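Asks: Sequence and predicted structure below; questions after.
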Amino acid sequence: MRYRFPILLVIMVVVLGSFLFIAPSSALAATTCSGTSCDHLAPQNAQNAHQQICSSNASEAIAPFYGDGWTLDLRWGPNCSTNWARFGSAGGALECFDLQVIRVYSSKYSGLPATVDNAYGCGPQDGIWTNQLYAPGPAQACIRFSKWWDQSNYGQWYCTGVTP
């Protein structure tokens, strides 16, 4: 009985003291990248050499594409010179989607090959995005849909404009 208080005190000190050594999860999860090493990384979990998260200060790179109850947006992350596609749907359609961000080939950036990053999903979605691509030059976001029971038969592509 007389050992209960010191044991409880020790346990409380150990538990509370352990919180002093836990870093925020965003700092632990961030991957430093630059140029094409930023390709295919989640924009919220990647950072530049100055420890600025790629998705911080993000904005629309070009006017969004508005569909019937959904929006396709090409995002620009100035901290890492990256783009990613974002899809939002207000409806409850039972459709599947193939969402893409595309780094478009440009002779000005001839060292950068055209490439794509995809995200897939089904059902009502809001705030779905692809991973990012390093794209200091032209980029584009596209999406196409299929019925959930026929995912091998995707329809036409809907795309934003191409950034300059």
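Replies: Looks like it arrived, so ask away.
Asks: just the helices in the protein please.
Replies: According to DSSP state H, the chain carries its helices in the segments 4-18, 25-29.
Asks: What is the least confident helix or strand in this structure?
Replies: Among the helical and strand segments of the chain, the one scoring lowest on mean pLDDT, DSSP states H and E is helix 4-18, with a mean of 42.
Asks: Sketch out the low-pLDDT regions of the chain for me.
Replies: Per-residue confidence for the chain (pLDDT under 70) gives these ranges: 1-29, 90-94, 124-125, 149.
Asks: residues touching the nearest residue to residue 164 once chain neighbours are set aside, list them.
Replies: If you skip the residues right next to it in sequence, residue 164 has residue 138 as its closest partner in space, 6.8 Å away by C-beta to C-beta, 6 or more residues apart in numbering. No exception for glycine: its C-beta is placed from N, CA and C like everyone else's. For residue 138, the contact set (C-beta atoms under 8 Å, 6 or more residues apart in numbering) comprises 103, 104, 106, 162, 163, 164.
Asks: What degree of burial does the fourth one show, as a neighbour count?
Replies: Looking back up the chat, that one is residue 162. The number of residues packed around residue 162, counting by other C-beta atoms under 10 Å, is 16.
Asks: where exactly do the strands run in the protein?
Replies: Counting by DSSP state E, residue ranges of the strands within the chain are 31-32, 46-47, 59-60, 65-66, 70-77, 82-89, 95-103, 115-122, 126-129, 133-134, 139-147, 158-159.
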